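Trainee: Sequence isn't available, so here's the structure alone:
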């Protein structure tokens with residue numbers, strides 16, 4: 001059997017065998033089976049966390065999703081990012097007629113067949129996304145979302161040669177590679193920290209012989225980190241939320257309300273002009289966002305009515321209310337949940353699927369409300385200075 005993509009280590013009296021795979025390569029899955037059947041390891045480590053393990057093992061996993069809970073827990077953007085990135089992997093898998101994550105599924109099955117203990121060695125994906133999101137400023141977040149939308153629009157075919165290159169960079173990281181050029185800070189939470197986490201989990205796995213099934217891009221980093229002790233608690237921390245956005249979030253409504261109130265006392269007609277301007281700019285852009293997401297008419301109306309109020313309260317967001325209304329008026333069916341993996345492979349599918357359309361309603365309504373706040377706030381100040 002070829003030893004290509006296989007690395008053998010001796011660490012603390014343990015034999016560790018790393019298999020570098022491409023996440024959509026049939027040959028990688030076959031190699032995983034061959035290695036585990038031959039080596040008969042005590043433990044098999046796979047590059048999965050609990051959430052992704054449930055996803056690959058439970059084909060009905062999406063059907064259990066509670067979209068209302070996603071909105072309520074403010075996880076809309078994280079779910080959208082997760083779906084958008086996975087769409088890249090699913091498109092490649094579909095092109096080559098294979099199932100994404102085959103090598104991980106094979107690792108799990110082979111571990112069971114050989115009575116080896118299974119270790120889920122990757123960091124929780126929500127933690128990784130939280131650390132990515134926390135390292136980006138407002139403009140960075142906007143650029144990242146734009147880049148993700150762009151990745152959905154790109155429908156290029158992947159050649160066999162490019163597929164072979166992916167054995168040097170697993171497909172999740174391949175999808176994020178271009179993003180990391182624009183956002184160098186993405187590399188640390190997405191790749192470097194996960195290399196550290198994976199290295200420690202593999203090293204601490206029980207037994208004397210361990211096989212680890214990994215995306216090939218992680219192998220060099222793991223080789224560099226595996227001889228060092230990692231602070232797992234630190235790697236699992238979600239970044240503390242900066243107080244600055246919260247301070248700014250309260251300063252803007254206080255400023256707007258104060259300016260309008262002062263103007264009303266000195267010139268009621270100018271104060272009325274400010275109020276109307278605030279309502280129209282905020283409501284209109286928020287409604288436009290909901291309309292671009294193809295929200296239900298009542299969703300668009302909700303976005304228009306709520307945005308001027310939610311923009312004055314940092315604890316509220318117009319997108320949440322619009323999302324709840326959309327979910328109520330266009331409640332997703334089982335078929336929508338079943339088709340998410342296929343629908344997210346195209347931009348059209350994102351808009352057609354009732355689940356992802358709700359996510360788009362929340363995100364685009366909030367973006368519209370933010371734009372409306374900036375323009376409406378500027379206009380309020382304009383009228384204020386004109387009437388000093």
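Mentor: Sure thing, it's come through. Since the model is a prediction, treat every value here as computed from it, not as a measurement. Residues are numbered from 1 along each chain as shown.

Trainee: Show me what counts as buried in the helix or strand residue 28 falls within.
Mentor: Using DSSP states H and E, residue 28 maps to helix 26-39. Buried residues in helix 26-39, counted by 16 or more other CB atoms under 10 Å: 26, 27, 28, 29, 31, 32, 34, 35, 36, 39. (C-beta placed from N, C-alpha, C; glycine too.)

Trainee: Tabulate these (TSV), appending pLDDT.
Mentor: Output for the buried residues of helix 26-39, formatted as TSV (pLDDT from 0 to 100):
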residue	pLDDT
26	69
27	78
28	80
29	84
31	89
32	91
34	93
35	93
36	95
39	93
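
Trainee: gap between the helix or strand residue 196 falls within and the chain center?
Mentor: Element membership of residue 196 [criterion: DSSP H and E] is helix 193-203. Centroid separation for helix 193-203 versus its chain: 21 Å, with CA atoms, centre = their mean, to the nearest Å.

Trainee: Domain parsing of the chain, as residue ranges.
Mentor: 6-236, 243-386 (automatic domain parsing).

Trainee: Least reliable of these by average pLDDT, please.
Mentor: Ranked on mean pLDDT, the bottom entry among these is domain 6-236, at a mean of 77.

Trainee: Doesn't residue 7 lie inside a strand?
Mentor: Yes. The assignment for residue 7 by DSSP: H, G, I helix; E, B strand; the rest coil puts it in a strand.

Trainee: need the contact list for it.
Mentor: Applying CB atoms under 8 Å, 6 or more residues apart in numbering to residue 7 gives the contacts 17, 18, 20, 219, 223.

Trainee: 7 Å instead?
Mentor: 18, 219, 223 (CB atoms under 7 Å, 6 or more residues apart in numbering).

Trainee: cool, and residue 386?
Mentor: Counting by CB under 7 Å, 6+ apart, residue 386 has no contacts.

Trainee: Look up how far residue 269 lies from it.
Mentor: 12 Å (CB to CB, to the nearest Å).

Trainee: As a markdown table, the buried residues of helix 26-39 with distance to residue 382 would be great.
Mentor: Shown next, in a markdown table, are the buried residues of helix 26-39 (distance: CB to CB, whole Å):
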| residue | distance to residue 382 |
| --- | --- |
| 26 | 62 |
| 27 | 64 |
| 28 | 60 |
| 29 | 62 |
| 31 | 66 |
| 32 | 64 |
| 34 | 71 |
| 35 | 69 |
| 36 | 69 |
| 39 | 72 |
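
Trainee: Closest to residue 351 out of those?
Mentor: residue 26 (32.0 Å; CB to CB).

Trainee: Out of the domains of the chain, which is the most enclosed?
Mentor: Mean neighbour count (mean count of other CB atoms under 10 Å) peaks for domain 243-386 among those, with a mean of 19.

Trainee: Most distant residue from the centre of this protein?
Mentor: residue 266 (48.9 Å; CA atoms, centre = their mean).

Trainee: Name all residues that make contact with the nearest residue to residue 307 once chain neighbours are set aside.
Mentor: Excluding the flanking residues, the one nearest residue 307 by CB to CB, 6 or more residues apart in numbering is residue 286, at 3.4 Å. Neighbour list for residue 286: 303, 304, 307, 318, 365, 368, 369, 372 [criterion: CB under 7 Å, 6+ apart].

Trainee: who's in contact with stretch 67-77?
Mentor: By CB under 7 Å, 6+ apart, stretch 67-77 touches 79, 320, 323, 324, 327, 332, 355, 358, 359, 362, 363.

Trainee: Just the ones of those in helices?
Mentor: Judged by DSSP state H, helices contain the following of these: 79, 320, 323, 324, 327, 355, 358, 359, 362, 363.

Trainee: For the third one, give me its contacts.
Mentor: What it means is residue 323. Residue 323 neighbours (CB under 7 Å, 6+ apart): 71, 76, 358, 361, 362.

Trainee: one step back: what helices or strands is the helix holding residue 196 leaning on?
Mentor: strand 209-215, helix 219-225, helix 232-236 (3 or more CB pairs under 7 Å, 6 or more residues apart in numbering; DSSP states H and E).

Trainee: relative to strand 209-215, how tilted is that helix?
Mentor: Angle of helix 193-203 versus strand 209-215, following axes from the mean of the first three to the mean of the last three CA atoms, to 10 degrees, is 160 degrees.

Trainee: Which secondary structure element is home to the spatially closest residue to residue 285 that is not a sequence neighbour?
Mentor: Nearest non-adjacent residue to residue 285, counting by CB to CB, 6+ apart: residue 372, 3.4 Å away. Here residue 372 is covered by helix 354-386, with elements defined by DSSP H and E.

Trainee: about what we covered before: now, the most widely separated pair of the buried residues of helix 26-39?
Mentor: Every pair of the buried residues of helix 26-39 checked by CB to CB; the farthest is 26 and 39, at 20.7 Å.
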